[in-house]
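Participant: Sequence first, predicted coordinates after that:
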Amino acid sequence: MANIDFETLRSTIEKSLLKAGLKPADAEICAQIHAESTRDGVHSHGIGRVPRFIEYVGKGWVDIDAKPCLVQRLGAIEVLDGGFGIGVVNALHATERAIALAREHGMGLVALRDTTHWMRGGSYGWHAVEQGFATIMWTNTESCMPAWGGASQSIGNNPLVMAVPHSTGPLVLDMAMSQFSYGKLQTTQLKGEHLPVDGGFDERGALSRDPAAIAATRRLLPTGYWKGSGLAILLDALAALLAQGRPSHAIDKVQRGSGGGCSQVFMVFDPEQLGGREACDSIVEGIQTHLAATTPAEPGRRVRWPGESTADKRYGEGTIMLDDMLWRSVCELAGD
């Protein structure tokens with residue numbers, strides 16, 4: 001394992017993106033997001049995504065010169081076309097627009113079509129919640145897992161992000177509709193480990209914790225079995241409807257890599273106009289206190305709420321442990 005400090009990680013990723021042709025401002029934004037995701041423990045959608053993103057740029061699947069353009073404005077709703085631009089840049093722009101609309105109307109909804117992979121969706125939830133806004137965000141994807149009861153890939157894993165602010169520690173949820181993402185399978189396999197719970201099906205159709213076996217069949221397990229499958233289908237339909245974009249089965253035909261041509265939704269709410277910030281803090285504090293008093297299922301452990309462990313890392317110091325092979329590959333892309 002490589003032991004790397006945050007600034008070295010960020011600057012190395014930035015150099016790799018500059019070498020791939022990104023403009024300095026875009027490279028800086030993307031490097032910050034990838035580095036923060038890695039620091040927060042989400043290596044699969046942080047440093048782990050850098051080589052693939054650069055590959056997509058090289059193939060022309062990501063248009064590094066494209067910027068979001070307005071399709072429709074309807075009160076507190078805006079629809080944008082991402083032009084297959086950089087997913088991180090597009091998503092941050094959409095988040096900022098939703099925040100601006102929420103300041104004006106109490107809530108704002110920005111739907112984004114024809115964009116590319118946003119990497120870790122939680123980045124945009126944190127971006128909003130750290131400015132004092134609550135949010136619900138999601139993206140659809142290409143078909144990458146079977147619907148419940150199926151054997152072939154027919155639905156997206158359609159990550160969902162939700163966040164409620166608090167002055168000292170927000171509640172943040174970032175989850176895909178599959179039990180584990182393909183990125184998580186990759187990083188777990190690189191570590192030579194098994195998944196902690198069943199994550200998909202092997203070649204015999206049996207539930208498995210072996211990331212390599214699941215990646216080979218590409219039969220991810222929907223979160224909550226049939227419930228996650230149903231939620232994925234409705235998230236897909238609503239994203240495509242609101243963005244006037246593509247549902248999963250139409251993204252499949254785009255053939256521009258993972259996430260190319262997807263539809264995303266960014267809903268932001270202003271607590272100041274919905275009962276006030278003190279009321280919001282009181283709600284979150286009550287939930288945290290209630291959960292902290294819950295009897296743990298295992299002696300010596302305690303119940304954690306969404307965002308708690310990530311918040312600790314976000315504001316902490318120290319170095320980051322990275323897979324040697326992955327770190328070397330990013331350094332090579334940076335020319336180091």
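Facilitator: Yep, it's here.

Participant: What are the structural domain limits within this structure?
Facilitator: Domains of the chain are assigned by the TED database as 2-59+319-334, 69-178+222-275.

Participant: among the ones you listed, which is nearest residue 212?
Facilitator: Proximity to residue 212, assessed across the domains of the chain by C-beta to C-beta, is greatest for domain 2-59+319-334 (15.0 Å). For glycine as for every other residue, the C-beta is placed from the backbone atoms N, C-alpha and C.

Participant: measure the closest one end to end?
Facilitator: Using C-alpha to C-alpha, to the nearest Å, the end-to-end distance of domain 2-59+319-334 comes to 16 Å.

Participant: returning to what we had before: most tightly packed of the domains of the chain?
Facilitator: domain 69-178+222-275 (a mean of 21; mean count of other C-beta atoms under 10 Å).

Participant: those strands in the stretch 1-150 of the chain, which residues are they?
Facilitator: Counting by DSSP state E, counting those that start in this stretch, the stretch 1-150 of the chain has strands at residues 2-5, 69-74, 77-81, 107-115, 134-139.

Participant: measure residue 249 to residue 218 for me?
Facilitator: Taking C-beta to C-beta, to the nearest Å as the measure, residue 249 falls 16 Å from residue 218.

Participant: related to what we said a few turns ago, dump the domains of the chain into TSV; add distance to residue 296 and mean pLDDT as well.
Facilitator: Shown next, in TSV, are the domains of the chain (distance: least, C-beta to C-beta, whole Å; pLDDT from 0 to 100):
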stretch	distance to residue 296	mean pLDDT
domain 2-59+319-334	21	96
domain 69-178+222-275	19	97
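
Participant: quick one, which of those domains is nearest to residue 209?
Facilitator: Among the domains of the chain, domain 69-178+222-275 comes nearest to residue 209, with 14.1 Å by C-beta to C-beta.

Participant: how long is that closest one from one end to the other?
Facilitator: First-to-last residue span, domain 69-178+222-275, C-alpha to C-alpha: 34 Å.

Participant: residue ranges of the helices in the stretch 201-336 of the chain, please?
Facilitator: Here the stretch 201-336 of the chain has its helices, by DSSP state H, counting those that start in this stretch, at 211-217, 226-243, 248-251, 277-292, 308-314, 324-334.

Participant: Out of the domains of the chain, the one nearest residue 306 is which?
Facilitator: Nearest of the domains of the chain (C-beta to C-beta): domain 69-178+222-275, 4.3 Å.

Participant: Output the helices of the stretch 201-336 of the chain as TSV; include the columns distance to residue 110.
Facilitator: Converted to TSV, the helices of the stretch 201-336 of the chain look like this (distance: least, C-beta to C-beta, whole Å):
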stretch	distance to residue 110
helix 211-217	34
helix 226-243	9
helix 248-251	19
helix 277-292	22
helix 308-314	24
helix 324-334	31
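
Participant: And those helices: which comes nearest residue 64?
Facilitator: Relative to residue 64, the nearest member of these by C-beta to C-beta is helix 324-334, separated by 15.0 Å.

Participant: measure the most far-flung residue of the chain relative to its centre to residue 101 for me?
Facilitator: The centre of the chain is farthest from one residue, residue 299, which by C-alpha atoms, centre = their mean lies 32.5 Å away. Look at residue 299 and residue 101: by C-beta to C-beta, they are 48 Å apart.

Participant: can you check residue 16 too?
Facilitator: Distance of residue 16 to residue 101, given as C-beta to C-beta: 34 Å.

Participant: Over to residue 168. Which of the three states is it?
Facilitator: Three-state call for residue 168 (DSSP: H, G, I helix; E, B strand; the rest coil): coil.

Participant: got the contact list for it?
Facilitator: By C-beta atoms under 8 Å, 6 or more residues apart in numbering, the contact list for residue 168 is empty.

Participant: next one: phi and psi at it?
Facilitator: Main-chain dihedrals, residue 168, degrees, to the nearest 10: phi -120, psi -20.

Participant: next one: the one 5 residues further on
Facilitator: Dihedral pair for residue 173: phi -120, psi 130, per degrees, to the nearest 10.
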